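Enquirer: predicted model follows, preceded by the sequence.
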Amino acid sequence: MKTTVTCSGGLDSVTLAYKVARERQLMGLVSFDYAQRHKKELVFAQKCAEDLGVPHTLIDISHVGAQLTGSALTDDIDVPEGHYAQESMTATFVPNRNAIMLSISYGVAQAQGVQAVATAVHHGDHYIYPDCRPDFIKSFEAMQYCALEGLAEIPLYTPFLNKSKADIVAEGERLGVPFSQTWSCYKGGEVHCGRCGTCVERREAFDLAGVHDPTEYADPLYWKQAVDKETSGKVA
């Protein structure tokens, strides 16, 4: 099935790109500049496309992103540190981000005769991001069937929807994903900070999956402290 992948350059979406390339016909990657502070991730999306030998379409919606204020990813707000599941991580929510990006991806897919759109939402996102949850995915796909009725019927491929981050790391290891060529950190510094929610989630996932993490972190030990604190809080 001819499939495009909405790819940020992060571990999840790059792993998805490799999965689609192995199991389907990967037609290309679609990425978005939405004025995110960590837009260096887009360099990794481009590298992924080059490695897989497919086109990379980078769509500039930075003027839209500039209006989506109140998020630590698009506004002058500190990126929260700690475990990914903490309530403070909701500060990284960008209003309607997935709905906007997927709508554009669907338009591109229909115009190019692509048969499916893939996105790498996973179970760990559900707590924080409502536009990553199963109800949203099901409803969005149904909406697109209506939007393209009589023109195309394009399913939304989300194989990680009920998978954990550790599951994705394990899948990436199986597929030979070059993890060092993916970017997760929301701070967008020289190297992964090791302290923001996505860095902690990334490092924990490698540990749970029993896979070597090649990522360079500015603070490589903080993740364990954050995980232990979250675990002890749940036990209490």
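Expert: Thanks, I have it. Here the structure is a predicted model, which means the values were calculated and not measured. Residues are numbered from 1 along each chain as shown.
Enquirer: and the strands in the protein?
Expert: Defined through DSSP state E, the strands belonging to the chain, from first to last, are 2-6, 25-33, 56-60, 116-118, 156-157.
Enquirer: can you give the strand pairings for the last one, parallel or anti for each?
Expert: I take that to be strand 156-157. Based on DSSP bridges, the pairing partners of strand 156-157 within the sheet are strand 116-118 (parallel).
Enquirer: swap in the third one?
Expert: The sheet places strand 56-60 alongside strand 25-33 (parallel), with pairing taken from DSSP bridges.
Enquirer: contact partners of the partner strand?
Expert: Taking C-beta atoms under 8 Å, 6 or more residues apart in numbering as the criterion, the residues outside strand 25-33 that touch it are 1-9, 17, 20, 39, 42, 45-46, 48-49, 52, 54-62, 65, 101, 104-105, 108, 112, 114. Quick note: C-beta positions are derived from backbone N, CA and C, even for glycine.
Enquirer: go on, stretch 209-217?
Expert: Contacts of stretch 209-217 with the rest of the structure, by C-beta under 8 Å, 6+ apart, involve 166-167, 169-170, 172-173, 179-180, 184, 191-194, 199, 202-203, 206-207, 223.
Enquirer: elements contacting the longest helix that the chain contains?
Expert: Residue-count comparison of every helix in the chain, with assignments taken from DSSP state H, identifies helix 97-112 as the longest. When contacts are defined as 3 or more C-beta pairs under 8 Å, 6 or more residues apart in numbering; DSSP states H and E, helix 97-112 packs onto strand 2-6, strand 25-33, strand 116-118, helix 134-147.
Enquirer: just the buried residues of that helix, please?
Expert: Neighbour counts over helix 97-112 (16 or more other C-beta atoms under 10 Å) mark 97-98, 100-102, 104-106, 108-110 as buried.
Enquirer: ok so, going back, from the strands of the chain, which stretch is densest packed?
Expert: Most buried of the strands of the chain by mean neighbour count (mean count of other C-beta atoms under 10 Å) is strand 2-6; its value is a mean of 25.
Enquirer: so what strands line up beside it?
Expert: The strands that strand 2-6 pairs with in its sheet are strand 25-33 (parallel), strand 116-118 (parallel) (by DSSP bridges).
Enquirer: what's the helix or strand of the chain with the lowest mean pLDDT packed up against?
Expert: Confidence across the helices and strands of the chain bottoms out at helix 222-235, with a mean of 78, counting by mean pLDDT, DSSP states H and E. For helix 222-235, the packing partners by 3+ C-beta pairs under 8 Å, 6+ apart come out as helix 197-209.
Enquirer: buried residues in the helix it packs on, which are they?
Expert: Within helix 197-209, the residues that qualify as buried are 197-206, 209, counting by 16+ other C-beta under 10 Å.
Enquirer: same thing with stretch 141-152?
Expert: Of the residues in stretch 141-152, those buried under the neighbour-count criterion (16+ other C-beta under 10 Å) are 141, 144, 152.
Enquirer: one step back: what would the strands of the chain look like in TSV with mean pLDDT?
Expert: Listed next are the strands of the chain as TSV, based on pLDDT from 0 to 100:
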stretch	mean pLDDT
strand 2-6	98
strand 25-33	97
strand 56-60	97
strand 116-118	98
strand 156-157	98
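Enquirer: to residue 71, which of those lies closest?
Expert: Among these, strand 25-33 comes nearest to residue 71, with 14.4 Å by C-beta to C-beta.
Enquirer: could you dump the closest one to CSV, C-alpha only?
Expert: Provided in CSV are the C-alpha atoms of strand 25-33 (Å, rounded to 0.1, in the frame of the first residue of the first chain):
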residue,chain,number,x,y,z
GLN,A,25,5.5,1.1,-0.2
LEU,A,26,6.9,4.3,1.4
MET,A,27,6.1,7.2,-0.9
GLY,A,28,7.7,9.9,1.2
LEU,A,29,7.9,11.8,4.5
VAL,A,30,6.0,15.0,5.3
SER,A,31,7.3,17.3,8.0
PHE,A,32,6.1,20.6,9.4
ASP,A,33,7.9,23.8,10.6
